Structures are given as C-alpha cells and as structure tokens.
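Asker: Just to be clear, the model below is a prediction. Sequence and coordinates:
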Amino acid sequence: MARMTMIEAIRNAHDLAMERDRTVVVFGEDVGYFGGVFRCTAGLQKKYGASRCFDAPINESGLVGAGIGMCAYGLKPVVEIQFADYVYPAYDQIVSEAARLRHRSAGQFTCPIVIRMPTGGGIFGGQTHSQSPEALFTHVAGLKVVVPSNPQDAKGLLLAAIEDPDPVIFLEPKRLYNGPFDGHHDRPVTPWKNHPLGDVDDNYYITPLGKAAIRRKGEAVTVLAYGTMVFVAEAAAEETGIDAEIIDLRTLLPLDLETIEASVKKTGRCVIIHEATRTSGFGAELSAIVQENCFFHLEAPIVRVAGWDTPYPHAQEWAYFPGPERLGRALRQVMEG
Amino acid sequence: MARMTMIEAIRNAHDLAMERDRTVVVFGEDVGYFGGVFRCTAGLQKKYGASRCFDAPINESGLVGAGIGMCAYGLKPVVEIQFADYVYPAYDQIVSEAARLRHRSAGQFTCPIVIRMPTGGGIFGGQTHSQSPEALFTHVAGLKVVVPSNPQDAKGLLLAAIEDPDPVIFLEPKRLYNGPFDGHHDRPVTPWKNHPLGDVDDNYYITPLGKAAIRRKGEAVTVLAYGTMVFVAEAAAEETGIDAEIIDLRTLLPLDLETIEASVKKTGRCVIIHEATRTSGFGAELSAIVQENCFFHLEAPIVRVAGWDTPYPHAQEWAYFPGPERLGRALRQVMEG
Amino acid sequence: MDTPKPLSLHVPEPGCRPGDAPAFSDFVIPKAGAVRRPSVDEAPEDMRDMAFSVVRVLNSAGEAVGPWSGLLTEEDLRRGLEHVLTLRIFDERMLKAQRQGKTSFYMQHLGEEAVSCAFRMALEDGDMNFPTYRQAGLLIAGGYPLTSMMNQIYSNSADPLKGRQLPVMYSARDHGFFTISGNLGTQFIQAVGWAMASAISGDTRISAAWIGDGSTSENDFHAALVFASTYKAPVILNIVNNQWAISTFQGMARGNAVTFAARGHGFGIPAIRVDGNDYLAVHAVAKWAAERARSGLGPTLIEHVTYRAGGHSTSDDPSAYRSRNEEQAWPLGDPVTRLKTHLITLGAWSEERHIQSIAEITDRVRLAQREAEAIGTLISGTHPSPRAMFDDVYAEMPPHLIRQRQEGGY
Amino acid sequence: MDTPKPLSLHVPEPGCRPGDAPAFSDFVIPKAGAVRRPSVDEAPEDMRDMAFSVVRVLNSAGEAVGPWSGLLTEEDLRRGLEHVLTLRIFDERMLKAQRQGKTSFYMQHLGEEAVSCAFRMALEDGDMNFPTYRQAGLLIAGGYPLTSMMNQIYSNSADPLKGRQLPVMYSARDHGFFTISGNLGTQFIQAVGWAMASAISGDTRISAAWIGDGSTSENDFHAALVFASTYKAPVILNIVNNQWAISTFQGMARGNAVTFAARGHGFGIPAIRVDGNDYLAVHAVAKWAAERARSGLGPTLIEHVTYRAGGHSTSDDPSAYRSRNEEQAWPLGDPVTRLKTHLITLGAWSEERHIQSIAEITDRVRLAQREAEAIGTLISGTHPSPRAMFDDVYAEMPPHLIRQRQEGGY
Ligand SMILES: Cc1ncc(C[n+]2csc(CCOP(=O)(O)OP(=O)(O)O)c2C)c(N)n1
Ligand SMILES: Cc1ncc(C[n+]2csc(CCOP(=O)(O)OP(=O)(O)O)c2C)c(N)n1
Ligand SMILES: [Mg+2]
Ligand SMILES: [Mg+2]
C-alpha cells in the first residue's frame, strides 16, 4: 500500500503495464521526454526507452490513426490527448475506424487502444481546457468509456482498459488529479494522501470495467454521478442531510444497469449530475434508461443537473460549474416531488 | 405550385436563395460542374457561375473550415457533405469553431453556415452510407439541427436555415429523396408527385426552425419521429389501428417542447423512434425531457425504438432498420403498459 | 502599390468536358528507359527530379529498356499477365452480376490493373497493405480465393465479413490486406502506425499505404506524411493518380503543384512518379521503395500515373462529366495490352496463347462465381443471420447488446 | 536482397537538453543582404531556393543591407521600435499580474516581438489576420487599446469578450484580428476561406494565416495548403518557427524536411524563410507576399525563424526540458536590441532616447493597467454577469436557454 495522487496512480499503472507487457507503448504530445503536461507519463521514457514511450507531432488524428495501425500490427498503444477539448480532430479515426475495426473485419483486426485525456472544468481553463465530451463517445457502438474518480480506481481501471481487447476512451477528471474537489472552490482541497481512496496497492490489479461503485449508501434518493461530480454529490448529501445513495458509475459504456436499477427501485427517486452540457448529455441516456427500467417505482420525476448549454466560460466558471448548492436544490426538489 | 421530389425542392431552395442573396455561395465535393452525387445542386454553377457554386477538394474539415472563414468575411456558405457518414473529419471545425464563434467573440464574428448532408439508411449503403449522426450535433451548444421529412418542408426549412444567422446542420434523409418510404422495403414507394407533401410552392417561403408538425392527430399515444421514421410511424399507426398522434419534430435543436408536451399530456403515452443507434441517441434526450415535463401524466413507460447499438450492416439492412413492425410492437406495448 | 484591381476566385477546370476534344497535351511523358535509377540511399534532396518525371520501362515497341528493367523473369511476367487478366475478367463478371441485381454495388479497376497486381509482387509475405477499394489486384496477385471475394460481394452466408460490409470492402489479414474503410484517407496514417509498430518491435516487415489522387486532399494524408517523416517509418506511400475523383479531375486536388509526388518534398520524403500502366515499371519502383523501407532508410512516396477508364462505381456515369473519347486519348495505353505485347516481343507469348489464357481464366472466374452463387447472392440463397450483426461489436457481448439482440428476436 | 537486419524506431531529439551545452551548429545562417529578392510574379518552381535560406536585412553592424532593405523611413523604424518595446513591457507587466493572482493565465512573446509587429505594418486596414495566441503585436502595432487587452486578460466587466475567453484569446474584428481559438491549427484553413470570400466578392482585401512550428503538424495545416493552392487564394500563410512547442522541439514537427518553408513546395506555393528577429526583414518579406496576394498571384508561405525565449505559458517551466543557456546561444539575437542598434547606427536614435522611451512606454502601460484594474481583475472589482454566459450562444436565445438561465437564477 502507498499513498498516491491520481497522477501518481496513473503513472504507476502505465509503469506496471509496460513492465508486464512488451507490446504496451505510450505516446502523445509532450508525453516522452517531459512526461506529459500533467506529468502522468513522467519517467517512462527513461525506464522503457524512446521506442516505447515517445513524444509525437501535434496531430490528434495522427496519434489515434497511428495507434490504430499499431493495433493492427499487434501492439497495445496508450495514447494521451493533452486535453479532452482537443480530441475532436481525432473523432473520425475514433468513430469510423477504432470503434468499427473488429466488426467490419469480422475479428481479423482488432483495436485494443486506450485513449487517455484530462476532462472537466474547475481550473479556470476557459472553453478549451474544461470540456466533458463523454456523451460524444457513449453514442458510438464499439467504444468503451471510462471515468475514474479517485487514485485507487484510476489505477485499476486504467490497467483494465489496457488489458481490454477493445478501444477504451479514458477520461481523467483533471480537477481530481491532486485531491477530491467537491465544488467548494472557496475552501482548500484535502490532498489525496489524507483520503482513503488515495490508498493504492503498489501491485498490479484490475478494477473491472462495466461495474459501478456505491460511494454512499442511502434510502431517500439515488444520485448517479461520475468523475468530479461524485464528490460534489457527497458534499450535497451531507449539506442537505438528505439520505442519498451515491453511485459512482466509473464506466459509462457498457453501463452497470444492475446496480443503478437496484438502487432506484429501492429509493424511488433519481437525480443525475454531470459537468457536460445538458442537452443530449450522458444524463439523457441515464434518465431514459432509468425511466424504462424503473418507471413503476418512481415517485418523482428524474432530475438532471448539468452544465448549462453554453460554451464553458472563464470568468463565470463557478456560475457554470454544477456544485453542491445546485445539486442540493435538485435533491430537495425530488424529495418534495 | 409544382410537384417536386425532395431533391428538386432542395435544388429549388438553393436557386431561390442564390438569386435573392448575392452572399450565398454553394460548394462541396462534386457539387459544382456535376451538381452533386444526388443532383441537389445541379444547374447552379451554370446559372450563377463557378465562383458562387464550385467543386472542392475532398477534405471535409477544409469545406467547413473555409466556410467558417467565408462567414467571418460576410458570406453565407451552404456546404454539402457527400454523406453524413463523412462529416467526422469536419467535427472539430463544427464543434470547436462554427458553434462557438459568436459566443467566444461576443458577436464580433458569426457563423451563418449551412452544412447539408444526406443521412439515414435503407439503400444498402453499408456502414458508411447509412449513418444518422444527429445526436452528435444536438449535444453541441451553438448549433441548430434540422431534419426535413418531405419536399415542402425540405425547401422551406433549407431557406430558413440559409437565412438563419447561426450554423445549421441540415440532415436530408436520402431514403426520402424520391418518395415517402415507410419501411416496407418489399413494396413500391409512391413517388412524391403522388403525395400531397410533394406539392411545393415555386415562390420563396420559409418553414420556421424550431417548430414541429403534427402529421397525424391521435388520442392514444404520442409518437415522436423525424425524417424517414415519420412515414414508418404513419404505417405502424395504420397497421396496428392504434390512434397515435405522430409528431414530425423537423428541428431537433432547438426543440419544439411545447408541441411535444401538449401532445404527451393529452395521450399520457409516448414512443420515440429514430434510425440512429439507441444508446445516447437523440431519443435519450427526448425521453428525458418528456419525462421531466410530463411525468405526472405518463400512464406507461416511454419507449424508444431505434437502430441497434452496432455499426450499420449491409446484408442485414432490414433486420437493422427500425420498420413499422418493430414500431408496431412498441405501440402495442405502451398501450398495454 | 497603386490601387489593385478586384480579385477573383480561381476554380480549376479539366482540359476537357463532355463534347470537348480530349487533350493531355500538358502531360509530358519521357521516353521509356530515360529516367535514372538512384541508389536507394541517395539523399532525398538529391532525388527531387524523380517527382517531376515518369519512370517507364516498356517502350512503344514493347521492349523493356533502361535502368529499371531486368527484374522479372518470363515466368514472372506470364504470371503477371495472368493476374491483370484475372482482375479484368473478375471485374467484368461482377459488374454484370451487379446489373443483374445479384449485389448492391461494385467498383472496377479498368485501366488500373497493373498498379496493384505488379506492386504485390514486390512485397514479401507478412508485409501489410492498407488499401482503398481499387486495389483488389493485391488479393488476386496474392492468391486470395476468388470465391471468397465473391462471397463478400454477394454478402452470402460464406462471406468472410458476415454480410457487414459494402461489396468490395474486403479484409484479408493473412494475405496482408487491411480491412478497407469507406472513409477516405484514414488508412494512410494507419499504415504508417503499422510500420512504426514493426520498427518498435525490431521486425523486418514493412507496410504499404494506398490513396487516390482525390483523397490526397484529405487531412489524414498530412498526418501520414508528418508521422512517416518524423519517425522514418518503413512504409511505402502510394498515390494512385487515375486522373479522376468521381466527377472531379485530379487538378482539383493537385492545385498549383506540378505533380502529386511533389507532396513528399515538403517532408524530405523521396518521391517518385511511375507509369502505372507499365507492369514492369510499377514492379521495379515498388521493389526499390521496399528496399529503402526494409533497410531502415524510411518512407518513399510513389505516384502511380494511370487512368480510371471505367465509371467511379456502379452508381456513376462518367459521360455526365468527361468526354467519352478521353480514354482513347490517354497517352499511357492499356496495361494489359502493353504487358501482353511485351511478352510477345520477348517470344514468350502469342495471340493464340493469349486467347486460350483468357478462356481458361474466364472458366476459372465462372467456376468461382458458380460456387459463390450456389451459396447465395444478395437476393438469393443463404445469408449471414441478423445475429451476426451483434457479434464482434466487442470481443465479449455486453449486456445491453444481448438485450437488444433478444428484443430483435435474433 | 539478403535477410535484412531488424528495424528500429527513429525518434528525433533536440541538440541540447538540460545540462547539455547548447548548439545551433546545424543551423546555417546566410549573411544579411545575401539572399536575392525575386520579382513577385516569378514562377514558384524557380523560387524554391527561397525556402532553404534566410532573408536578412540587418547585419551585425546594425546596417540595413541588400535587396530587401530600404522600405522603411526612420519614422517608421522608430514607430516599430516603440511597438516591440510596448509589447515586451506589456508582457512583463501581465506576467507579473498573473503571478500576483490577478488573472489565471498568460502567454508572452519574449524574443518574438518583431514578427507580429513588423508584419502588421505591411498590411492595409481591412485585411484580416487569423492569429494564434502569440501575435499580440498585430494588435499593438494596429493601435488597439492596451486597456481593452488588459480588460480581456482580467475578465473584468469591461472585457470586450464578456469574460468568456481564456486570457490573451483576444478578438478584434475592427482591427483585422480574428477571434483566437484554443484549438491549434483550425484558423489556418479559415484564413484561406476568408481570402476565397474576398476573391469571390471581387474585393481587394487579403488575409494572413498564423501558425506555430509545432502546429504545422495539425491536419488543418494541410487543408489550408490544399485550398490555398487550388483556388489561388489571396492569403499569406505564416509559420512562426520559434523552435519549440511546449516541451517538444521543432524537429518533431519538421521531421526529415530541411525547413518548414519547404512544405509549400508540395503545393506549388512560393515559400520563403525570413529572420524573424529582424524587424526590417519580416516587414519586407510580408510586403512582398502581400503584393503577390493583392495582385492575384495567390498564396505565399512564410517561415519566420525566431526563438521562444520565455516559457510556453505561465503554466510552463522550460528548464525541465531545455538548456538554460540555449537563449544566449541563439544565433539571431534579440529583435528589440537589433532594431535599436540599427536606429542608433542610422543616427536616428540614442541610448538616452531609448531609456526615455522605455520610461514613457512603461508609464503608458502602467496607466492602462491602472485603468483596467480600477474596473477589475479576475479576483477583484466587477465582472461580466453570469447572465452574459447565456448570451451570444445564438443570435436569439432559444427557449431551453431561457429556461436554464432562469433555473440558474441569472
Ligand atoms: C471522408 C469521405 N469523403 C467523401 C467520400 C465520398 N467518395 C467516395 S470515393 C470518392 C472519390 C475518391 O477519388 P480518388 O481518391 O481519386 O480515388 P479513386 O476513386 O479515383 O480511386 C469520394 C469523394 C468518402 N468515401 N469519404
Ligand atoms: C488541437 C490542440 N492540440 C493540443 C493543444 C495543446 N497545446 C497548446 S499550445 C501547444 C504547442 C504549440 O506549439 P507551436 O505550434 O510551436 O506554437 P508556439 O506555442 O511555439 O507559439 C500545444 C501542444 C491545443 N491547444 N490544441
Ligand atoms: Mg482518382
Ligand atoms: Mg513553437
């Protein structure tokens, strides 16, 4: 056991995967010599050499496209997109190629690529360092979409993603890299070393994809969250005193419907929260699927709390960011409803 | 009044827009001399010259990126993407640039571009000539998303889109170009000239964006559809004898919630149908928003009928395509529920 | 500078449209044998001339001449002729089958047969091609069964791709043939990634990327050149310039550049133009590029100059946008005739044997077609089950797909 | 060919990393005045040499020499010096403000001031730039108010962009400055589209595209070159090669090409390299390219060779990936010092006037800063309301946004 930040946990996962499997290669912009702008790959080039961890030209389509070719050869590339906001140039390669390779070639060619990217806001990064594009990937058959919320999971889920035989979009909530930020931007953030989920096993282990985690048991209402919103939910539950059951989805696609269904059928109420813009966000799918499976157990409308349908602002960061106060209002609303 | 196919109606809209407004320019792959692979721009280059209607290199990002630059100058570009399946290379320009130009420049620069593309399946086009990517655009703040279902609307909505001061994604259901296909692939399709909606006013007119149309009044259940699914819904209603109210959304973003809400509150039941893959499809947003606004009126769970979460196949086209029979089953289900 | 006159938009137009007299006057073709053969390790800066000429081996008399000749035995050449003939006859039969409604779509190679057939002979087994829909010669010259190709075209129950893909979008890993994408250009950078992987793994295998003249405009063409140049990837970057992209002539993609091969110069990548209708020239240039790649000298860009004599696909009618006689005016002739003439000149072939060979090949293709159609065509026989639609989306079918498959009753 | 040896991946590395002795030995620099000045209508094929040398006007003695000199009056030069000094002092103050927590982020121009300042003087009002975050000189030399820039940097209530954008992501349409995107490369093709629009409209205005050395790897760089080449768009394509892309040296993007300028050759676009730390050279080359564009001769690619002397941004510490003394070793010197020396050599300037000028400019910047801070900084004063967040998403606010704004209570 060791105390790790989310960055250290991710670095450690890379290290163990590369040590264990010679076919794992890691590359991206500023990923090699420097070790990544968030330092998630620091030390790997020194340890495994420049042909297994290297810098790349600034071309996201090239990063993924080359990665797909490497998969066709038999390697397992782990590619870093510097910010999720910059994944769009690679969108065609991800949607038209990586996601469909196995299907269209009837299994002759597969694509076990992992595409990592820091996601989410809360760092005054403005519209191009704050986005949460997960719903643009959950609509794509053939992809898996993962969002860890703490060092323990970040390591286990990343190792699972690297082992996975299919393409995985791995979204890292950058606001959680150094501590469990709960949306109270005016308060100091407890560092991971003082949080139980900062306790990380040094050994190789897997946190299975497709399995959610219940962060807080509760009877009154089910809160579906992932990434930074998990801690926003914990804060809101505590501050409203509402006995919420908080589910950290961890994997959005494939979704752990079982855990969700059991919880909502128990509580009869459901609130969904994410940072991404509301319309057609992943919350829409969650609301639809909960409604389809728990309709006769619902005592109040399912409520979505999400980013506003605007570009992510700079000065108005905290008016945009869905914090404990907004979630608290929603919780009270569903309890009344 | 004239009888027009959807192709002729779209061609006519281009013609009237270019005649009326010198700043309207039309370009795309095979769009100039040849007039487009579906002939939607035939004759325009001859009539308006090669500097207002021209062929372009095969680069979708370039088509949209150049179009955005033209908008910044003061032109109104209408760009054709040859198939919706090929829009992904332009995704970054659409999402990061076109959609945000007005907001990030506080109105100094705007982007009145129209991006047209044939969408949907039913033509044995396989996975790259059949996709319905609308939900990948409805999640993007700053865009408008339009899907006409007949010649009358196609003309009026395209003229409205060209007049609109903001970027519009204009999805043309290719299976409807020549007639109202209802999913019965084993039967001949009535040509538009024998359908009332093939009656098109030759003059310039607008069909406002953001307004849905009720295609069939009904009391039993509300069916939310757009594009080809509108006719699939009409067939299913007739064949099941269920008194469905069929709403043709026409514009997905911004959505005509008023019309939807009124109908669902009346019927107490709702079925949503689209060709796109189910998970995180636009049906998810529709289900979520209906549930939020009509919860206490719902007598049965909202049901989604959609394309399966797989790539669009070739041989299995009709097993994939959501036809009247599948929708019929869903209608019976909600009536029982 | 005094007040300038109004600007105007330059929109490139082809030399001839329907009704015009076809003209390739601006197309300068050197004599066969005239172009030098640089050593593979010559500095890219010293090889720039290779991008502005055309490597040709077969002269008008049908003789193989110059520094690029002499690589193929008569046996090789007869096999080559068999390959290009097989591809042509295969295309004829499948075009007919499509017209008969036995499948939904087809794309032929008429006039371009030499490019993929000759190139394949310069590769080793284990090398990987990232082709477009117009390189079926790689399969035929590689010995891939014609019946398997037809099963894919017919989407029947023996289709190796389980009915999922549009006709001709083959995939044949064991034959060094990457799954064809309907999205133009994406495979170009993937091929570079495959080559990088081979280098990372200390392997000796190389890859070949394929793209059409029109598709060089796609952004991933750039990604491929950037990565290939930066990492010196062991890849051969092939541009098949068949003069047309559906209704759009090559000048729309080439722009103000003199040739497509010149694109390589911005990246320090050796670029070479070859007569794509000259089987021997294509093979020789491919060998040269393969040697560069395998010796660790990095990528080579090849522009194959050829002509798309047929329609773009069965959905296309070229008479709407180009002159009917353009094909006759095309200065590089027909690849099959030229190879045949060469063999006859060598005394290694005859009109009689040619007719006989065509008959034999036609029988073989017919036989394969009968086999395939016995299984099924798009409109008859047996097909992959709808169930197959749900397989291979993931290695292991997730719960939501199992639910959907059951909902569909498959 | 006998069994080849194993391949290996080539990963480019810079000449020097922390600890190494900096070396630009491989960087050949011609004497000032040595490079010819082609006539604007010379054929692109005949101008290839211009991509492999460096146009320089100022020699080591501070004299302006050669065919590219003589365009600017002493008055122009003094104004130019004022601009580069203003930009440098502005950067110093804003860096300090960021360290004081008055804003979230800043990006400086240290060492690159001449490029954008000199370029702006070669344009006409009405021309449009599509800049990156490192061309604020276009605004300063164009007379855009310093206070407006600071209001944007502070996201205060007078921010022209209503607090929406990251600091330095300016937009100033009336000053020919397109809204800066955080996504690299997208603006390059947009600039070409703007130029096409000008040509379509029979206008006489031109556009200028800007991109960094690292960002030339992005795919939209290709889109821009393809469209510019095909439509002969009246655009100047600027590559600012400041040797670094965050921690990645220019060789990672350049690959095996000798220069970035050479990229133009694959498209038949005249390409020219210029000493980016030489105010006179940048201005002269920009003038030449602008004349080509305005006379309907089409695009020109310019590689500005300069050096990013500071960190990439306030989030970056270069000492982690490059040698601290690299800046001293940089052979093209400091743009401000070189312009100052030139003016002194001309007898049009003196150390005294220089010190005085710095003092005056510092006062002006301080004054502007006081004005801006009186309105607000990111952590003090007044800011755009959250309400402003919902405006301008569309021309007219749709119902769902009105609902959301109300839900938020704004
Ligand atoms: C991304 C994308 N855009 C557009 C198309 C439509 N399309 C299919 S083939 C083609 C022309 C390609 O021409 P070229 O690259 O010269 O290849 P050729 O058909 O001549 O072999 C076009 C535009 C596509 N398949 N994918
Ligand atoms: C699409 C995209 N990918 C990555 C980034 C992250 N990023 C910001 S600046 C930068 C380096 C750019 O270097 P260069 O083009 O040389 O410009 P310079 O900063 O040197 O002026 C990177 C990688 C981005 N902003 N956008
Ligand atoms: Mg072609
Ligand atoms: Mg740089």
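Answerer: Perfect, I can see it now. Ligands and ions are numbered 1, 2, ... in the order given.

Asker: Can you check which strand is longest in chain A?
Answerer: The single longest strand within chain A, with elements called by DSSP state E, is strand A:270-277.

Asker: and that strand with chain B, contact?
Answerer: Yes: against chain B, strand A:270-277 shows contacts by CB under 8 Å from any CB of the partner chain at A:A276, A:T277. Glycine gets a C-beta too; all of them are placed from N, C-alpha and C.

Asker: by contact count, what packs against that strand?
Answerer: Applying 3 or more CB pairs under 8 Å, 6 or more residues apart in numbering or on different chains; DSSP states H and E, we find strand A:270-277 packed against strand A:221-225, helix A:229-240, helix A:282-294, strand A:303-307, helix A:324-336.

Asker: Past the fourth one, which element shows up next along the chain?
Answerer: Past strand A:303-307, further along toward the C-terminus, the next helix or strand under DSSP states H and E is helix A:317-320.

Asker: do that next one and chain D meet?
Answerer: Yes: contact of helix A:317-320 with chain D (CB under 8 Å from any CB) involves A:A319, A:Y320.

Asker: Please enumerate residues in contact with that helix?
Answerer: Contacts with helix A:317-320, where a contact means CB atoms under 8 Å, 6 or more residues apart in numbering or on different chains, come from A:121-122, A:124, A:130, A:185, A:307-308, A:310, A:312-313, D:386, D:389, D:408, D:410.

Asker: Which stretch among the helices and strands packed on strand A:270-277 approaches chain D most closely?
Answerer: Taking CB to the nearest CB, helix A:324-336 is the member of the helices and strands packed on strand A:270-277 nearest to chain D, at 7.9 Å.

Asker: pLDDT averaged over the closest one - what is it?
Answerer: For helix A:324-336, mean pLDDT is 97.

Asker: The stretch 1-150 of chain A: strands as residue ranges?
Answerer: A:2-3, A:24-28, A:53-55, A:76-80, A:114-119, A:144-146 (DSSP state E, counting those that start in this stretch).

Asker: Is it possible to get TSV of those strands that adds distance to chain B and mean neighbour count?
Answerer: Converted to TSV, these look like this (distance: least, CB to the nearest CB, whole Å; neighbours: other CB atoms under 10 Å in any protein chain shown):
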stretch	distance to chain B	mean neighbour count
strand A:2-3	37	14
strand A:24-28	17	26
strand A:53-55	22	26
strand A:76-80	17	26
strand A:114-119	14	26
strand A:144-146	10	26
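
Asker: Which positions in the stretch 1-150 of chain C make contact with ligand 1?
Answerer: For the stretch 1-150 of chain C, the residues in contact with ligand 1 (CB under 6 Å from any ligand atom) are C:T132, C:R134.

Asker: who in the stretch 101-250 of chain C is up against chain B?
Answerer: Applying CB under 8 Å from any CB, we find that the stretch 101-250 of chain C lies next to chain B at C:104-105, C:155, C:159, C:162-167, C:169, C:181-185, C:214-215, C:217-220, C:245-248.

Asker: neighbours around the residue in the stretch 1-150 of chain A positioned nearest to ligand 1, how many?
Answerer: Residue of the stretch 1-150 of chain A nearest ligand 1, by CB to the nearest ligand atom: A:D92 (7.5 Å). Look at A:D92: counted by other CB atoms under 10 Å in any protein chain shown, it has 30 neighbours.

Asker: Then A:K266?
Answerer: There are 15 residues near A:K266, going by other CB under 10 Å.

Asker: Distance of the closest residue to C:D76 other than its chain neighbours relative to ligand 4?
Answerer: Excluding the flanking residues, the one nearest C:D76 by CB to CB, 6 or more residues apart in numbering or on different chains is C:M121, at 6.9 Å. Distance, C:M121 to ligand 4, using CB to the ion, to the nearest Å: 45 Å.

Asker: tell me the contacts of C:M121?
Answerer: C:L72, C:D76, C:R79, C:G80, C:A141, C:H283, C:A286.

Asker: let's go with 10 Å and repeat that
Answerer: C:71-72, C:76, C:79-80, C:83, C:137, C:141-142, C:279, C:282-283, C:286-287 (CB atoms under 10 Å, 6 or more residues apart in numbering or on different chains).

Asker: Can you flag which of those residues belong to helices?
Answerer: Those of the contacts of C:M121 mapping onto helices are C:D76, C:R79, C:G80, C:H83, C:G137, C:A141, C:Y279, C:V282, C:H283, C:A286, C:K287, per DSSP state H.

Asker: those strands in the stretch 101-250 of chain C, which residues are they?
Answerer: Using DSSP E, counting those that start in this stretch, strands in the stretch 101-250 of chain C cover C:128-130, C:207-212, C:235-241, C:244-245, C:248-249.

Asker: Looking at these, which is nearest to C:A61?
Answerer: C:A61 sits nearest to strand C:235-241 of all those, at 25.8 Å, using CB to CB.

Asker: quick check, the helix or strand bottoming out on mean pLDDT in chain C touching chain B?
Answerer: Here the helix or strand of chain C ranked lowest by mean pLDDT, DSSP states H and E is helix C:326-329, holding a mean of 90. No: with CB under 10 Å from any CB of the partner chain as the criterion, chain B is not reached by helix C:326-329; the gap is at least 14.7 Å.

Asker: So which of the ones in helices among the contacts of C:M121 wins on neighbours?
Answerer: Of all those, C:Y279 has the most neighbours under the rule other CB under 10 Å, reaching 32 neighbours.

Asker: Enumerate every residue touching the closest residue to C:S198 other than its chain neighbours.
Answerer: Once flanking residues are discounted, C:S198 sits nearest to C:R205: 5.0 Å by CB to CB, 6+ apart. Neighbouring residues of C:R205 by CB under 10 Å, 6+ apart: A:73, C:123-128, C:176, C:194-195, C:197-199, C:234, C:293-294, D:4, D:7.

Asker: still on that earlier bit, please flag which of the residues of the stretch 101-250 of chain C next to chain B sit within helices.
Answerer: Short answer: those in helices (DSSP H) are C:N219, C:D220.

Asker: Give me the PyMOL select line for the residues of the stretch 101-250 of chain C next to chain B, limited to the buried ones.
Answerer: Selection of the buried residues among these in PyMOL, burial being defined by 16 or more other CB atoms under 10 Å in any protein chain shown:
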select buried, chain C and resi 104+105+155+159+162+163+164+165+166+167+169+181+182+183+184+185+214+215+217+218+219+220+245+246+247+248
